[in-house]
Each structure stands twice: as C-alpha cells, then as structure tokens.
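**Q** Build me a structure from this.
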Amino acid sequence: MKYPLFPLPETVVFPGMTLPLFIFEERYKQMIKDCVDNDQRRIAIVLAKPRADISDGVSNAEAGTHAVGSFTDILSVSENPDGTYYILVHGQERCRIGTIDSGSQPYYSIDKRTYALERGDPNLERVTAWDALETFSDYAKTFFADEAQQQIEESLPEELVYQASFICANIRVPAEQRQSLLEAPSLIDRFKYAQKLMRERIESHEPATDMSEDTPLGADLDQFSAETPEDKAEDQGV
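**A** Model (predicted):
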C-alpha cells in the first residue's frame, strides 16, 4: 500500500503533535480530495530541502527531501469555497522515505516503511527525560513570557515520547536541527540532543527575534496527546 507524501519547507512533525495546514497548491488539493473520497486518513509529511525538485521514481536524496519523515493521520478536513482546504493532522510514528512515486497521481506517494524509535531502560529514560525537562524549564524562563511558562506546566504530556515531542516542537531551532531531533535513533538520544540545543541557546543568551518566540508552538494542550485520531475526531465532532 502506498501513502501520499507531502513535502513541506520548515516543517517537522513529531509523534503526538497536532498541526493545522492550509492546502492551496493544485496537486495537494487533489491529494486531499482523493484522501476524502477514498477514506484515506494517513499521509506522510517530510521536511523538504530548499529548491527540492521531486521527479517520478527518484530517491529522497535525488529529490531533495530528507530520508526520514512522519506518518500523520488526518483528523479533520474543511473545504473552502475557492477549493482550498484547511486540514488538521496528528503526528504518528516516523517513516523512512525511499523511492518516491508520482506516476499515477499528480502528487507524490511512498511505500509504508516505518522507522521505530528505539526504547531503552525505562528508568534511564525517565532520568534522561527529567534532566531534559529541567533544562527546558530554564529555557522557557529565558525565552518565553511568564504566561507561556505556566501554560507549558499545565500542558506537559505524561508519556515520555510525547514529552520529547513537546520539547522538540517548542524550542526555537532551525528546521535542519529539528530534523536531526526527529532522526535521533532512540528516545534517550532525542532527549539528550534536545537538551544540548537548549543549553547552547541559553548559554549564548540569544534573544527572541520576533514575537512568535514568546508563545511556544506546542503550548496548546491539544497540540500533544496520546489520544487516537478516532478519539480526537469524536471530541471535535468530525
């Protein structure tokens, strides 16, 4: 079975992350229409490299996308009068991007190749998570407004995988570094690399470059959840 592939600039999706998207390009409007018509809920999202040129039957390296992306499940679709769409997707497990197929549709598709995150000793994972969250607290005090810090405390997920996702989506780093976080071999590696990036920013005392840095991307409680897409869709009346 093949899954639609949606390359996006500056966008990396982590497990449990809920992301709103505006679909306006013709081929991706067709992709969403086909997903709705065929009850195809799952699509893959991958970070596109600058000036990516994806042709039929090429590898991700030739196409200009990264080798690792994420499967996402579509939670809701809203079609606008002009034919564009607003959709809401929920991050699932990561996937490997192999050969890209564009022969049968105007958009891209890939085979299902999941890429499981390695899990280690539960106690070591908890200790590593605790250390990363302590650093994240210092990071938030440095770069986020007081209201955002409180919102983070209220919104932090309980499960370790989603805690890592919460941190990764909220630290302000370039997309390439966010991609490295996604590609981390294990959960412990992901926490440790996130902690390293946060410490580097704290030590450099780099100020926020715009107002968007005052509000963390994932501070909304609905951004990260262990709920299934069916649960979330039911909650939203979809």
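
**Q** The helix or strand residue 6 falls within - which strands sit beside it in the sheet, and in what orientation?
**A** Using DSSP states H and E, residue 6 maps to strand 2-8. Paired strands of strand 2-8, with direction, are strand 42-47 (parallel), strand 108-111 (antiparallel) (DSSP bridges).

**Q** contacting residues for the closest residue to residue 10 other than its chain neighbours?
**A** Of all residues not flanking residue 10 in the chain, residue 175 sits nearest, at 4.7 Å (Cβ to Cβ, 6 or more residues apart in numbering). All C-beta spots, glycine's among them, are computed from the backbone N, C-alpha and C. Residue 175 makes contacts with 9-12, 47, as judged by Cβ atoms under 8 Å, 6 or more residues apart in numbering.

**Q** one more time with 10 Å
**A** By Cβ atoms under 10 Å, 6 or more residues apart in numbering, residue 175 lies in contact with 8-12, 47-50, 66.

**Q** Of all those residues, the one with the weakest confidence?
**A** Lowest pLDDT of the contacts of residue 175: residue 50, 77.

**Q** That residue and residue 26, how far apart?
**A** Applying Cβ to Cβ, to the nearest Å, the value for residue 50 to residue 26 is 22 Å.

**Q** Let me know how buried the residue nearest to residue 68 when sequence neighbours are not counted is, in neighbour terms.
**A** The shortest distance from residue 68 to any non-neighbouring residue, by Cβ to Cβ, 6+ apart, is to residue 183 (4.8 Å). Neighbour count of residue 183, defined by other Cβ atoms under 10 Å: 17.

**Q** Over to residue 121?
**A** Residue 121 has 10 neighbours, counted by other Cβ under 10 Å.

**Q** same thing with residue 154?
**A** As a measure of burial, residue 154 has 8 neighbours, counting by other Cβ under 10 Å.

**Q** now swap in residue 37 and tell me
**A** Neighbourhood size, residue 37 [other Cβ under 10 Å]: 8.

**Q** do residue 126 as well
**A** Residues lying near residue 126 (other Cβ under 10 Å) number 11.

**Q** again, but for residue 145
**A** 15.

**Q** cool, and residue 146?
**A** 10.

**Q** Settle it for me: which of residue 50 and residue 26 has more neighbours?
**A** Using other Cβ under 10 Å as the criterion, residue 50 and residue 26 rank with residue 26 on top: 11 against 8.

**Q** Low-confidence ranges, this protein, go.
**A** Within the chain, the segments meeting pLDDT under 70 span 51-64, 205-238.

**Q** how about the strands in it?
**A** Listed in chain order, the strands of the chain (DSSP state E) span 2-8, 18-23, 42-47, 68-79, 85-96, 108-111.

**Q** Which of these sits closest to residue 165?
**A** With Cβ to Cβ as the measure, strand 85-96 is the member of those nearest residue 165 (7.2 Å).

**Q** For the residue of the chain most remote from its centre, give its distance to residue 115.
**A** Within the chain, the residue lying farthest from the chain centre (Cα atoms, centre = their mean) is residue 81, at 28.2 Å. Per Cβ to Cβ, residue 81 is found 39 Å from residue 115.

**Q** can you check residue 71 too?
**A** Between residue 71 and residue 115 the distance is 10 Å, computed by Cβ to Cβ.

**Q** out of these two, which sits in the more crowded spot?
**A** Comparing residue 71 with residue 115 by other Cβ under 10 Å, the one with more neighbours is residue 71, at 23 against 17.

**Q** Double-check the more buried one against residue 114; I have them as touching.
**A** Yes: counting by Cβ atoms under 10 Å, residue 71 does reach residue 114; the two are 7.3 Å apart.

**Q** for the biggest helix by length in the chain, the distance to its chain's centre please.
**A** The residue-count maximum for a helix in the chain (DSSP state H) belongs to helix 122-143. Chain-centre distance of helix 122-143: 20 Å, with Cα atoms, centre = their mean, to the nearest Å.
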